[in-house]
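J.: Quick one: sequence plus predicted model below, questions after.
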Amino acid sequence: MFRPMSPTDLSNKNSTEKKMLTARAAASRLSCHPDYVSKLCREGKLKGERVNEQWLVSQDSLKEYETSRELARKARSE
């Protein structure tokens, strides 16, 4: 029997799903080209998945990458 989803069902679903960004949105945050984001995903430096020939990047993975990139910059400048 079909049962429509309640607002509670929707909020639970959204909270358990990973927050994903397109490669273009991730590239905008990193100030780079979307092709570079795709390369980072293929190399495993960013957690992402291909959906309909488009890379989707985990927001958590992007935050971790930004942090590690900033630490590397600081280490190089010392």
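T.: Good, I have the coordinates.
J.: Report all helices and strands that the helix ranked longest in the chain contacts.
T.: Longest helix in the chain by number of residues (criterion: DSSP state H): helix 59-77. For helix 59-77, the packing partners by 3 or more C-beta pairs under 8 Å, 6 or more residues apart in numbering; DSSP states H and E come out as strand 20-22, helix 23-30. Using the backbone N, CA and C atoms, a C-beta is placed for each residue, glycine as well.
J.: let's see 7 Å
T.: In terms of contacts (3 or more C-beta pairs under 7 Å, 6 or more residues apart in numbering; DSSP states H and E), helix 59-77 is packed against strand 20-22.
J.: Relative to the strand it packs on, what are the paired strands and their orientations?
T.: Counting by DSSP bridges, the strands paired with strand 20-22 are strand 54-58 (antiparallel).
J.: which residues sit against the partner strand?
T.: Residues outside strand 54-58 that contact it (C-beta atoms under 7 Å, 6 or more residues apart in numbering) are 18, 20-23, 26, 37-38, 41, 46-49.
J.: Narrow those residues to those that are buried.
T.: 20, 21, 22, 23, 26, 37, 38, 41, 46, 47, 48 (16 or more other C-beta atoms under 10 Å).
J.: Reformat those residues as a markdown table; add pLDDT and distance to residue 67.
T.: Output for the buried ones among the contacts of strand 54-58, formatted as a markdown table (pLDDT from 0 to 100; distance: C-beta to C-beta, whole Å):
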| residue | pLDDT | distance to residue 67 |
| --- | --- | --- |
| 20 | 95 | 19 |
| 21 | 96 | 16 |
| 22 | 96 | 21 |
| 23 | 96 | 20 |
| 26 | 97 | 15 |
| 37 | 97 | 16 |
| 38 | 97 | 21 |
| 41 | 97 | 18 |
| 46 | 96 | 13 |
| 47 | 96 | 14 |
| 48 | 95 | 17 |
